[in-house]
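Participant: just the structure for this:
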Amino acid sequence: MVVVERLTASDAWFLYVEGPTLPVHVTGLLILDPATSPTGFSFSGLRQHIAGRLDVTPELRRRLVEVPLAIDHPCWIEDPAFDLDQHVHHLVLSRADPTTELARFIGEFVSSRLDRTRPLWDLVVVEGLDDGRFAVIVKMHHCEVDGVSGLGILEHLLELSPTPEHRDPPPRVEAERLPSVTEVLAAATWNRVTDPLRPVRAAVDAARSLWQVGGTTIRRRRIGADPVAHPLNAPRTSFNSSMSAERVVAFGRAPLEDLKTIRRAFDVTINDVVLAACTHALRDYMACHDLLPVRPLVCSVPCSTHGHDDRDLSSNQVSNMFVNLPVQVADPLAQLRMVHAGSCGAKEVQESVGANMISDLVEIVPPSMIHLAMRLYSESGLVDRVPPIHNLIVSNVMGSPVPMYLAGSKVVGLHAFGPLMLGAGLNITVLSHDGDIGIGLTACPDVIADIDELLEDLLGGIAVLLEAAGRLAV
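Facilitator: The predicted model follows:
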């Protein structure tokens, strides 16, 4: 019998919701300066560096095996046909406008779905940036990684020193063959038969979570606390409509110390500062395009639950909280105060939900039903008629606070681009690294007219809050 590893329910969720116009992968962009490398940059050298670390990154060598009739979640197996050259590619930009060309290429790169018959990742090394720099763009399916586990894989490729440790590629071991359909069905059936109460336990856990959420909501109302955001209560905006598979991206960065200054001045969190800057940006952008709603936007904020239990750290361990972004309010400081109050309430509710709500849902609802619901929601036009679940997604991920190097080249920019979800055509991801925050915006061009304008508004929102913090300190 071929050895397989079953996907967790939370990992499998990101396979089930993927569709023709909804690629569900996480993309990272590293900007690198080869001036720190003892040997300089070469594509072959970088490929060799990755090959030498395949033994500590087993996620890069495994591929999916689907279960016929979807009677259980898919499983992983080491790919017997793994070929690194199918995943590591090379691109040289023209010298005319390399930054614009890089953003255009990344948009095209994130628009295409990964091939499920191979390990679910792709990497492109891009030459031709200004000042002799180059870029590495890597995307991995969300069923493989979330923000935290994705950084964990990346850190296996990065080092703390510009002098890279030489590692020979692991000897090629003949991997086992792909399991037959009969073997896959037998293993999935046995898995279900030996644990028939799995859906029952998930239903009990989900009911307990809903009971706890209800209790938290009632208690907050009794003490007169401000109401918190919740799904299906978002205003309909231009962001929340049918989308094509096409994606556009924009990226920039700001000093992390600026956000810390704002945090200290107003006694809030870094995440509050990020959400308030997004609120300022979205208000400016929507007002400029005559799209401003009269109610707050509802923002979905992924929250890492790593460390809440003893599950494999390489799996998805993420929950969500919902926060109102008060774009109907003009004063940036009032926006920040309202975001902070809303975040505090949202955290309380999110903690009541628990860490496993997504996996409980997947265990209760058959995968075929999830597929069917997503297809109907997309193809029937319901996405354009029913209230949106949320308006956008904003992620804030903490990366390394110290310099990192890839094959001797220093990482001088690190950005992440998260996936879009049905009915929400904008994702804003903030990733800290070595004293900076890298900002990555992903959108469908059908619903966002000018993503570069929105990025400038976001950087402007940070500047406005920093100026206010400076006035307070005087």
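Participant: Val301 and Leu275: what is the separation?
Facilitator: 7 Å (CB to CB, to the nearest Å). (Glycine included, C-beta is placed from N, CA and C.)
Participant: between the two, which one's more packed in?
Facilitator: Ranked by neighbour count (other CB atoms under 10 Å), Val301 and Leu275 place Leu275 first, with 28 against 22.
Participant: which ones are touching the more buried one?
Facilitator: Cys299, Val301, Val323, Leu325, Val339, Ser343, Val394 (CB atoms under 8 Å, 6 or more residues apart in numbering).
Participant: quick check: it vs Gly342, distance?
Facilitator: 8 Å.
Participant: what's the overlap in contacts for the two?
Facilitator: If you check Leu275 and Gly342 against CB under 8 Å, 6+ apart, the residues they both contact are Val323.
Participant: list the contacts for the spatially most central residue of the chain?
Facilitator: Taking CA atoms, centre = their mean as the criterion, Gly418 is the residue nearest the geometric centre of the chain, at 3.7 Å. Applying CB under 8 Å, 6+ apart to Gly418 gives the contacts Val26, Ile393, Ser395, Asn427, Thr429, Gly440, Thr442.
Participant: the second one touches Cys299, doesn't it?
Facilitator: Translated: Ile393. Yes. Using CB atoms under 8 Å, Ile393 is in contact with Cys299, at 7.3 Å.
Participant: follow-up on the earlier one: pull out the buried residues from the contacts of Gly418.
Facilitator: Neighbour counting over the contacts of Gly418 (16 or more other CB atoms under 10 Å) leaves Val26, Ile393, Ser395, Asn427, Thr429, Gly440, Thr442 as the buried ones.
Participant: among those residues, name the ones in helices.
Facilitator: Among the buried ones among the contacts of Gly418, none falls in helices (DSSP state H).
Participant: which strands or helices does the helix or strand encompassing Leu431 pack on?
Facilitator: Here Leu431 sits within strand 426-433, counting by DSSP states H and E. The elements that strand 426-433 packs onto, with contact taken as 3 or more CB pairs under 8 Å, 6 or more residues apart in numbering; DSSP states H and E, are strand 392-397, strand 409-417, strand 436-443.
Participant: just the CA trace of the last one, in PDB.
Facilitator: This points to strand 436-443. The C-alpha coordinates for strand 436-443 follow below in PDB (Å, rounded to 0.1, in the frame of the first residue of the first chain):
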ATOM      1  CA  ASP A 436       9.700  47.700   7.000                       C
ATOM      2  CA  ILE A 437       6.200  46.700   6.100                       C
ATOM      3  CA  GLY A 438       5.600  45.400   2.600                       C
ATOM      4  CA  ILE A 439       2.200  46.200   1.300                       C
ATOM      5  CA  GLY A 440       0.600  43.900  -1.400                       C
ATOM      6  CA  LEU A 441      -2.700  44.600  -3.100                       C
ATOM      7  CA  THR A 442      -4.500  42.100  -5.200                       C
ATOM      8  CA  ALA A 443      -7.700  42.900  -7.100                       C
END
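Participant: going forward, count from 741.
Facilitator: Got it, first residue is 741 now, which makes that one strand 1176-1183.
Participant: just want the angle from it to strand 1149-1157.
Facilitator: If you take axes from the mean of the first three to the mean of the last three CA atoms, to 10 degrees, strand 1176-1183 sits at 40 degrees to strand 1149-1157.
Participant: what are the contacting residues of strand 1176-1183?
Facilitator: 767, 769, 850, 987-996, 999, 1153-1160, 1165-1172, 1191, 1194-1195, 1198-1199.
Participant: in PyMOL, how would I select just the buried ones from the residues you listed?
Facilitator: Buried subset of these, written as a PyMOL selection, criterion 16+ other CB under 10 Å:
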select buried, resi 767+769+850+987+988+989+990+991+992+993+994+996+999+1153+1154+1155+1156+1157+1158+1159+1160+1165+1166+1167+1168+1169+1170+1171+1172+1191+1194+1195+1198
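Participant: mind listing the strands the strand holding Leu1171 pairs with, and their directions?
Facilitator: strand 1132-1137 (parallel), strand 1176-1183 (antiparallel) (DSSP bridges).
Participant: and for the first one, what's in contact with it?
Facilitator: Counting by CB under 8 Å, 6+ apart, the neighbours of strand 1132-1137 from elsewhere in the structure are 887-888, 891, 979, 1010-1011, 1014-1015, 1018, 1022, 1037, 1039-1042, 1156, 1158, 1160-1161, 1164-1172.
Participant: how near is Gly1085 to Gly955?
Facilitator: 14 Å.
Participant: neighbour-wise, which of those two wins?
Facilitator: Gly1085 (22 against 11).
Participant: my guess is Ala969 is in a strand, correct?
Facilitator: No. Ala969 is assigned coil when assessed by DSSP: H, G, I helix; E, B strand; the rest coil, not a strand.
Participant: that one contacts Met1078, correct?
Facilitator: No. If you go by CB under 8 Å, Ala969 and Met1078 don't touch, sitting 11.0 Å apart.
Participant: quick check: neighbours shared by those two?
Facilitator: With CB under 8 Å, 6+ apart, Ala969 and Met1078 have common neighbours Pro1036, Asn1064.
Participant: Asn973 in helix, strand or coil?
Facilitator: coil.
Participant: contacts only, for it.
Facilitator: Val1038, Pro1127.
Participant: returning to what we had before: for the contacts of Gly1158, give me TSV that also has pLDDT and distance to Leu842.
Facilitator: Shown next, in TSV, are the contacts of Gly1158 (pLDDT from 0 to 100; distance: CB to CB, whole Å):
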residue	pLDDT	distance to Leu842
Val766	94	18
Ile1133	95	23
Ser1135	94	21
Asn1167	97	19
Thr1169	96	17
Gly1180	97	13
Thr1182	97	15
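Participant: got the contact list for Val1063?
Facilitator: Here Val1063 is in contact with Ala969, Leu1015, Val1038, Cys1039, Val1041, Val1079, Gly1082, Ser1083, Ala1086 (criterion: CB under 8 Å, 6+ apart).
Participant: so which of those is the closest to Val1126?
Facilitator: Val1038 (14.0 Å; CB to CB).
Participant: what's the local residue count around the nearest residue to that closest one once chain neighbours are set aside?
Facilitator: Excluding its sequence neighbours, the residue lying closest to Val1038 (CB to CB, 6 or more residues apart in numbering) is Ala974, at 3.7 Å. Ala974 sits with 28 neighbouring residues when counted by other CB under 10 Å.
Participant: how near is Ala974 to Arg856?
Facilitator: 32 Å.
Participant: quick check: phi and psi on the residue lying closest to Ala942 once chain neighbours are set aside?
Facilitator: Distance criterion CB to CB, 6+ apart; nearest residue to Ala942, sequence neighbours excluded, is Glu1103 at 3.5 Å. For Glu1103, the backbone dihedrals (degrees, to the nearest 10) come out as phi -70, psi -30.
Participant: quick one: Glu1103 from Pro774, how far?
Facilitator: Taking CB to CB, one finds Glu1103 at 48 Å from Pro774.
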